[in-house]
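Chemist: Mind looking at a prediction? Sequence and model below.
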Amino acid sequence: MMIELCDSGAIRDGEITRVTAPGFPAVAIARHNGALYVFPDRCPHADESLAEGWIEDGRVVCGVHFAEFELGSGEVHNRPVGCPNLSFFRCEDRDGKVFATLAVEA
């Protein structure tokens, strides 16, 4: 089931925004070349916020370890040892709102 996360107008192109929804872990929402991406707001290498990073050349860059994750595929580049790919949630812009299918917190 998709849940509403925020107004899509709040997500500016080239930026990453942290969003929370009750009962779910925080997510990061990025817009790049008009497309929306929703992913965990946690670097898969360590417990660091990806919303504190930036977008460069179609990749999310972790501001702590500088690992780079391809938007959409999650393929990692400049990987620290043991850093897996980034996962993404299915999302859509529906009537000016961002919706995504999130995993429930365990």
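Modeler: Cool, the structure landed.
Chemist: what sits opposite E56 in the beta ladder?
Modeler: R59 (DSSP bridges).
Chemist: Kindly check the end-to-end length of stretch 41-57 for me.
Modeler: Length of stretch 41-57, first residue to last, C-alpha to C-alpha, to the nearest Å: 19 Å.
Chemist: which parts of it are buried?
Modeler: Going by neighbour count (16 or more other C-beta atoms under 10 Å), the buried part of stretch 41-57 is 41-45, 48-51, 53, 55. Bear in mind the C-beta positions are built from the backbone N, C-alpha and C, glycine included.
Chemist: all strands for the protein, in order.
Modeler: Assigned by DSSP state E, the strands in the chain fall at 3-7, 16-19, 27-32, 35-40, 54-56, 59-61, 68-70, 76-77, 91-94, 97-100.
Chemist: Just the angle for the third one relative to strand 3-7, thanks.
Modeler: Here strand 27-32 runs at 50 degrees with respect to strand 3-7, directions being taken by axes from the mean of the first three to the mean of the last three C-alpha atoms, to 10 degrees.
Chemist: Make residue 1 into 18 and carry on from there
Modeler: Okay, residue one is now 18; in that scheme the one you just asked about reads as strand 44-49.
Chemist: Tell me where the model's unsure across the protein.
Modeler: 121-123 (pLDDT under 70).
Chemist: Fine by me, we can end here.
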